[in-house]
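Novice: Sharing a model that was predicted from the sequence below.
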Amino acid sequence: MKNKVSQVRITIPKWIVKLKEWEIGTHLEFVPLIKDDDKPITKETVFIIKEVK
């Protein structure tokens with residue numbers, strides 16, 4: 001069985017990029033804010049964007 005990997009492309013406004021001082025090509029990661037690891041990710045799940053170094 002193959003793992004399905006989906007990608008999501010988002011556009012981040014320039015003012016947020018400047019505020020966070022991200023450079024072009026910065027690798028970002030979505031991190032779900034889930035307190036219970038057993039709960040599945042749904043449409044209501046809140047995410048934060050984290051810079052990966």
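Specialist: Perfect, thanks for sending it.
Novice: Could you use CA atoms for every contact and neighbour count after this?
Specialist: Will do.
Novice: Residue ranges in this structure under the pLDDT threshold?
Specialist: For the chain, the stretches with pLDDT under 70 are 1-3, 5.
Novice: quick one: the strands in it?
Specialist: 27-32, 47-52 (DSSP state E).
Novice: and the first one, what other elements does it pack with?
Specialist: Contacts defined by 3 or more CA pairs under 8 Å, 6 or more residues apart in numbering; DSSP states H and E place strand 27-32 against strand 47-52.
Novice: The strand it packs on pairs with which strands, parallel or anti?
Specialist: Strands that pair with strand 47-52, judged by DSSP bridges, come out as strand 27-32 (antiparallel).
Novice: Run through who's touching the strand it pairs with.
Specialist: 41, 45-53 (CA atoms under 8 Å, 6 or more residues apart in numbering).
Novice: Show me the helices in this structure, by range?
Specialist: Ranges of helices in the chain, per DSSP state H, are 14-20.
Novice: Centre-most residue in it?
Specialist: F30 (1.7 Å; CA atoms, centre = their mean).
Novice: Grab the nearest non-local neighbour of that one.
Specialist: Closest residue to F30 apart from its sequence neighbours, by CA to CA, 6 or more residues apart in numbering: I49 at 4.7 Å.
Novice: Kindly tell me how buried that neighbour is, as a neighbour count.
Specialist: 10 (other CA atoms under 10 Å).
Novice: list the contacts for it?
Specialist: 28-31.
Novice: ok, the residues you listed vs V8, which is closest?
Specialist: F30 (10.2 Å; CA to CA).
Novice: Next one: E21 relative to K14, how far apart?
Specialist: Going from E21 to K14 by CA to CA, to the nearest Å gives 10 Å.
Novice: circling back: return the distance of the residue nearest to F30 relative to L33.
Specialist: When I49 is compared with L33 (using CA to CA), they lie 11 Å apart.
Novice: cool, and V46?
Specialist: 6 Å.
Novice: again with K20
Specialist: Distance from K20 to L33, by CA to CA: 20 Å.
Novice: Over to L19?
Specialist: In terms of CA to CA, L19 sits 22 Å off from L33.
Novice: thinking again about what came up before, to K4, which of the strands of the chain lies closest?
Specialist: strand 27-32 (17.6 Å).
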